[in-house]
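# For reference, the sequence and a predicted model appear below.
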Amino acid sequence: MTTVLAPMSGSAVGLAAVPDPVFSQAMVGPGTAIDPERAPGQAVAPITGTIVKLHPHAYVVVGADGRGVLVHLGIDTVQLKGAGFHLLAAEGDHVEAGQPVVSWDPAVVEAGGRSPVCPVVALDAAAESITDVASGRVDAGDELFTWS
C-alpha cells in the first residue's frame, strides 16, 4: 500500500474539477486534485522515491515498489516554458515524501489566465485501487489518498 501525500496546501477538489479532460476523465490515471493556496510556495514529493521525470510544471516520483505519482502544477502551464517555476531537485534524485521539488506561485499562473489546479495522479493504477481520498482543506504533507 502506498500513501500519497498532498504536494501543496489548498483544497482537495477531485479530478472532476480539473478543467482538462485528460485529467478530469482520469485518462492518465486515478487520483485527485488540489486547488492550491494563492501564494508563492513549494510543491513537495508526494511519495518517497526517485524523480523519473521533471519539468518546471510537472514531475513524476516513482517509489521502490515501481508505483509512479504525477504532480501537475496547474493546467496548460507547459505553455509558460518554465517561467515562474524554480526547480529544487533534479531528474534522477532520490527524494523523501514531503521534500520540496519545485517552487512556484499559483497566483501568477492564475493571473496569466490559466487554472492553478494541480492534479495528483497514480499512474497506471486501477480506479478501485485509490481509496481514502481527502476532500476539503489539506496542508502540504497531509495524506491525500491511499493506493492499494
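Nice, thanks for sending it over.

# going forward, measure contacts between C-alpha atoms and count neighbours the same way
OK.

# Okay, strands next: where are they in this protein?
Assigned strands in the chain, in chain order: 2-5, 10-12, 31-36, 41-44, 49-55, 58-62, 68-72, 85-87, 94-95, 100-104, 118-122, 130-131, 136-138, 143-147 (criterion: DSSP state E).

# would you turn these into TSV with mean pLDDT and distance to Val78?
Shown next, in TSV, are those (pLDDT from 0 to 100; distance: least, CA to CA, whole Å):
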stretch	mean pLDDT	distance to Val78
strand 2-5	98	23
strand 10-12	98	21
strand 31-36	98	18
strand 41-44	97	16
strand 49-55	98	8
strand 58-62	98	8
strand 68-72	98	10
strand 85-87	97	11
strand 94-95	98	23
strand 100-104	98	13
strand 118-122	98	13
strand 130-131	97	27
strand 136-138	98	25
strand 143-147	98	24
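
# can you tell which of the ones you listed is closest to Glu110?
Set against Glu110 and scored by CA to CA, the strands of the chain come closest in strand 31-36, at 10.7 Å.

# centroid residue for the protein?
Centroid-nearest residue in the chain, with CA atoms, centre = their mean: Val71, separated by 2.5 Å.

# Next, find the distance separating it from Thr32.
10 Å (CA to CA, to the nearest Å).

# list residues touching both of these two?
Pro119, Val120, Val121 (CA atoms under 8 Å, 6 or more residues apart in numbering).
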